[in-house]
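**Q** fold the following for me, if possible:
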Amino acid sequence: MSANTPEMLDAWRMVAARRSFDGRLPLSSMTRLQGLLLDTEGEARFTIEFDRDSLQVPYVELKIEAELPLVCQRSLQRFLLPVSIAQRLGLVRDEAEEAGLPPDYEALLVPEDGMLRTAELVEDELVLAVPVVALSPGSEAVEREWPAQEEELAKANPFAGLASLKKN
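**A** Numbering: from 1, shown residues only. Coordinates of the predicted model:
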């Protein structure tokens, strides 16, 4: 992680001070994300900003830019998925406070000690950004209709014998 960004942040002190941090985090340092990627070349650039909104709701805003190396499920070739995330997380002390968040906020449950791990915040958002089925932009679509082969059509219907029993 960048030298100017602390590994641990006291969420409530950062909100009170309206602090923000910029940094870079190598993809190789994100153990949960590694299993979703083809390799771990590259890094994520991020900005973390703590503040309160007009309703006095404490939040942390994450902005993340990265290129994730994935395998296209159509071509089975490596490609870089550009990811640009802007997420505002409302800070809550317990689950009951989640209902009081504005509708465009995601809840972030802050531990009792108030300490947040910078790398975990960034990694969580990148894990959520990985698509279930990775498709490289511009890859050809697979044909959706598979016509029956002549030999399949020529085979007798296995239920044809049952039809003759029904007529008796």
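**Q** lowest confidence element among the helices and strands of the protein?
**A** helix 150-154 (a mean of 67; mean pLDDT, DSSP states H and E).
**Q** quick one, phi psi at the spatially most central residue of the chain?
**A** Centroid check for the chain by CA atoms, centre = their mean gives residue 128 as the closest residue, at 1.5 Å. Backbone geometry at residue 128, expressed as degrees, to the nearest 10, gives phi -70, psi -20.
**Q** also residue 119?
**A** phi -60, psi -40.
**Q** the one 5 residues further on too?
**A** Summarising the backbone geometry of residue 124 under the convention degrees, to the nearest 10, its torsions are phi -60, psi -50.
**Q** what is the neighbour count of it?
**A** Using other CB atoms under 10 Å, residue 124 has 18 other residues around it. Using the backbone N, CA and C atoms, a C-beta is placed for each residue, glycine as well.
**Q** which SSE is residue 79 in?
**A** strand 78-92 (DSSP states H and E).
**Q** gap between that strand and the chain center?
**A** For strand 78-92, the separation from the chain centroid amounts to 7 Å (computed by CA atoms, centre = their mean, to the nearest Å).
**Q** wait, what's in contact with the closest residue to residue 105 other than its chain neighbours?
**A** Of all residues not flanking residue 105 in the chain, residue 90 sits nearest, at 3.8 Å (CB to CB, 6 or more residues apart in numbering). Residues near residue 90 by CB atoms under 8 Å, 6 or more residues apart in numbering: 57, 58, 59, 98, 101, 102, 105, 106, 107, 108.
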